[in-house]
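Trainee: sequence unknown, structure follows:
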């Protein structure tokens, strides 16, 4: 008897493994895993964002250290909602010194805290060095601040039971620096800031100006890309304010990017740009340096010669003040009097509380 022919295969039935056999040396397909891996891989950088948890959104590298767009922050308390920041856009280029000024309660410090990740915005985005940080966890923000952001607060926030040297070394140790290198970095900074002989002192034994210099050293010990300063002279006298201004200028000339919040017109006049803040909004953005380009260390000599009268470049690429405008000149009693003469009302200048807005800053700059 002749066997009956096999029935024709049903076209609706998928063929077995023949078409889905893995190629030699490759892993077999696992459902949609290949598709998911492709979707979670950043095609520009080649990094697996799924493996990074709350990974950053990729962005082209730019000369912008800070870019904030549409920032909104509302504080809610027993007295109701207070809108501190209302749709703010802000850009700080690499090497730039930007001061944010405005009356108390305008939202200046809140904006600074949003940029530094100390508070989260209700809406808007923040980019640091071309990287979106909106989805960063608290732990990841802490690592970012240790390595790339230095913060100086109005009330110093030093650890009272640690010595001056230990306060400065602490961020370096937390960032993974070896104890020997951390001690060396601390000693170098304290020596430069005139506190070399105070390294073993406790914070309570220092004056307000000395404590703020320790806080500045602590903020700079990890060589951050961005320095945030929130009213660094708010609790200091006029001499302490001039000292802070001198030190910020010194590090800015070396290429440090600085975002400063202040209500002191003299301190703001040292900046390249002054952003006026009122009622949670930017109302003015004045360029005191004469241009809007990023200030890189290699370009600083040319920019200074063109945009900052009263200073002349030197052969080593640094700036040399002319006449009496020496960075350390305010350490002498005569310099104190000269500085006060230009800032006190009734003696040919404007005080920090005289108002005057950007026009007074321009006068101080000139």
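Mentor: Perfect, thanks for sending it. Computed from a predicted model, the values in this text were never measured in an experiment. Residues are numbered from 1 along each chain as shown.
Trainee: ok, longest helix in this structure?
Mentor: Using DSSP state H to define each element, the chain has its longest helix at helix 238-253.
Trainee: for it, packing partners?
Mentor: Where contact means 3 or more Cβ pairs under 8 Å, 6 or more residues apart in numbering; DSSP states H and E, helix 238-253 is packed against helix 208-220, strand 257-261, helix 265-268, helix 333-341. All C-beta spots, glycine's among them, are computed from the backbone N, C-alpha and C.
Trainee: so where is the stretch 51-200 of the chain shaky, pLDDT-wise?
Mentor: Low-confidence segments of the stretch 51-200 of the chain, defined by pLDDT under 70: 51-62.
Trainee: let's see it at 90
Mentor: Confidence mapping of the stretch 51-200 of the chain against pLDDT under 90 gives the ranges 51-63, 76-82, 104-105, 154-156.
Trainee: Go through the helices and strands packed on helix 238-253 and name the closest to residue 120.
Mentor: With Cβ to Cβ as the criterion, residue 120 lies closest to strand 257-261 of the helices and strands packed on helix 238-253, at 18.0 Å.
Trainee: Could you give me the buried positions within the closest one?
Mentor: 257-261 (16 or more other Cβ atoms under 10 Å).
Trainee: Dump those residues into JSON lines; add distance to residue 174 as well.
Mentor: Below are the buried residues of strand 257-261 laid out as JSON lines (distance: Cβ to Cβ, whole Å):
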{"residue": "257", "distance to residue 174": "22"}
{"residue": "258", "distance to residue 174": "22"}
{"residue": "259", "distance to residue 174": "22"}
{"residue": "260", "distance to residue 174": "24"}
{"residue": "261", "distance to residue 174": "25"}
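Trainee: What is the nearest of those residues to residue 270?
Mentor: For the buried residues of strand 257-261, the nearest to residue 270 is residue 260 (8.5 Å; Cβ to Cβ).
Trainee: Specify the beta-bridge partners of the closest one.
Mentor: Beta-bridge pairing for residue 260 (DSSP bridges): residue 99, residue 229.
Trainee: Burial check on residue 249, number of neighbours?
Mentor: 16 (other Cβ atoms under 10 Å).
Trainee: how close does it get to residue 285?
Mentor: Look at residue 249 and residue 285: by Cβ to Cβ, to the nearest Å, they are 21 Å apart.
Trainee: Repeat that for residue 164.
Mentor: 38 Å.
Trainee: Those two: which has the busier surroundings?
Mentor: Neighbours were tallied for residue 164 and for residue 285 using other Cβ under 10 Å; the higher tally belongs to residue 164 (26 against 16).
Trainee: residues contacting that one?
Mentor: For residue 164, the contact set (Cβ atoms under 8 Å, 6 or more residues apart in numbering) comprises 190, 195, 198-203, 206, 214.
Trainee: and with 10 Å instead?
Mentor: 158, 186, 190, 195-196, 198-203, 205-206, 210-211, 213-214, 217-218 (Cβ atoms under 10 Å, 6 or more residues apart in numbering).
Trainee: same check, this time on residue 69
Mentor: Residue 69 makes contacts with 87-91, 123-127, as judged by Cβ under 10 Å, 6+ apart.
Trainee: how about a cut-off of 8 Å?
Mentor: 89, 124-125, 127.
Trainee: Could you do residue 141 as well?
Mentor: By Cβ under 8 Å, 6+ apart, residue 141 lies in contact with 117, 133.
Trainee: Now the one helix or strand it maps to: buried residues?
Mentor: Element membership of residue 141, judged by DSSP states H and E, is helix 138-148. Neighbour counts over helix 138-148 (16+ other Cβ under 10 Å) mark 140-141, 144-146, 148 as buried.
Trainee: now that helix against helix 208-220, angle please.
Mentor: 100 degrees (axes from the mean of the first three to the mean of the last three Cα atoms, to 10 degrees).
Trainee: quick thing: my sequence starts at 289, can you match it?
Mentor: In the new numbering, first residue 289, that becomes helix 426-436.
Trainee: Which residues does whichever helix or strand comes after helix 426-436 contact?
Mentor: Remark: after helix 426-436, the chain's next helix or strand is strand 437-440, criterion DSSP H and E. For strand 437-440, the external contacting residues (Cβ under 8 Å, 6+ apart) are 404-406, 416, 433, 500, 503-504, 506-510, 512-518, 520.
Trainee: and strand 437-440, which strands flank it?
Mentor: Strand 437-440 has these partner strands in its sheet, going by DSSP bridges: strand 514-518 (parallel).
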